[in-house]
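>>> Here is a sequence together with a model predicted from it:
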Amino acid sequence: MSRYRGPRLRIVRRLGELPGLSRKTPKRAYPPGQHGQARKKRSEYAVRLEEKQKLRFNYGLSEKQLLRYVRRARRVTGSTGQVLLQLLEMRLDNTIFRMGMAPTIPAARQLVNHGHLTVNGRVVDIPSYNCRPGDQIVVRDREKSRQMVQANLQSPGLANMPSHLEFDKTKLEGKVNGVIEREWIALQINELLVVEYYSRQA
């Protein structure tokens, strides 16, 4: 199953607010489709599936990629759910989004893919690159790159920058100072339900 490229508001209406996927707010407060307004009793599986889908669509992952992250999180000591969120938050595309260089994670992914940024002096065009404490993220010294980022900085996706990041708007340079803490994760999600969903697969 490849990455979702369809209408984003449809997903937001179905799953609730996803700050990384879209900045728009839907006009209708109920899920899309013929039976969107009908109240349905949801099973435990449906609740877990919905939490998993929130994670998948917010960070723009395929099912295979998310499963790989869950397996990685399982191998690390500590709370699997919290480690999973930290792994996803430390992706390069998400880090750029949280610094305010892009309005959404898909826009941040495009910045990375097109080679507009360097990490520790090297051009990195892989959105899933895992940022580590001490990494320096700099906008390339090209007019097009700087113009795009400066335009995005006028209206960042999220107002508050997490405590583990810093960004200089004049130099267009950012730094990763540590690993994100749970309280700074913008997505409203119960990560334990995601771990439970994958408990039979991972």
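On my side now, so go ahead.
>>> isn't there a strand covering residue 141?
No: looking at residue 141 with DSSP: H, G, I helix; E, B strand; the rest coil, it is coil, so not inside a strand.
>>> What does residue 60 show for phi and psi?
Per-residue torsions, residue 60: phi 70, psi 50 (degrees, to the nearest 10).
>>> Let me fix that, I meant to ask about residue 182.
Note on residue 182: backbone dihedrals following degrees, to the nearest 10 are phi -60, psi -40.
>>> What is the neighbour count of it?
12 (other C-beta atoms under 10 Å). All C-beta atoms are positioned from the backbone trio N, CA, C, and that covers glycine.
>>> Same question for the one 3 residues further on.
Residue crowding around residue 185 was assessed by other C-beta under 10 Å; the count is 18.
>>> now residue 64
Counted with other C-beta under 10 Å, residue 64 comes out at 9.
>>> Then residue 187?
When neighbours are counted by other C-beta under 10 Å, residue 187 registers 18.
>>> pretty sure it contacts residue 18?
Yes: taking contacts as C-beta atoms under 8 Å, residue 187 lies within contact range of residue 18: 7.0 Å.
>>> Overlap of the contact sets of the two?
Common contacts of residue 187 and residue 18 (C-beta atoms under 8 Å, 6 or more residues apart in numbering): 54, 58.
>>> To what extent is the closest residue to residue 139 other than its chain neighbours buried, counted in neighbours?
Closest residue to residue 139 apart from its sequence neighbours, by C-beta to C-beta, 6 or more residues apart in numbering: residue 172 at 4.0 Å. Look at residue 172: counted by other C-beta under 10 Å, it has 20 neighbours.
>>> Okay, now the unreliable bits of this structure?
Scanning the chain for pLDDT under 70 picks out 1-14, 16-17, 19-39, 157, 159, 201-202.
>>> So which residue is smack in the middle of it?
Centroid-nearest residue in the chain, with C-alpha atoms, centre = their mean: residue 59, separated by 3.4 Å.
>>> Please, where are all the helices along this protein?
With DSSP state H, the ranges of helices along the chain come out as 8-15, 44-59, 63-75, 80-89, 92-99, 105-113, 143-153, 191-198.
>>> quick one, which of those helices is nearest to residue 182?
Closest of the helices of the chain to residue 182 is helix 80-89, at 5.8 Å (criterion: C-beta to C-beta).
>>> That closest one to helix 92-99, inter-axis angle?
If you take axes from the mean of the first three to the mean of the last three C-alpha atoms, to 10 degrees, helix 80-89 sits at 80 degrees to helix 92-99.
>>> ok, and what's touching helix 80-89?
The contact list for helix 80-89 (C-beta under 8 Å, 6+ apart) reads 55, 59, 61, 69-70, 72-74, 76, 94-95, 98, 130, 162, 179-180, 182, 185, 189, 191-192, 194-195.
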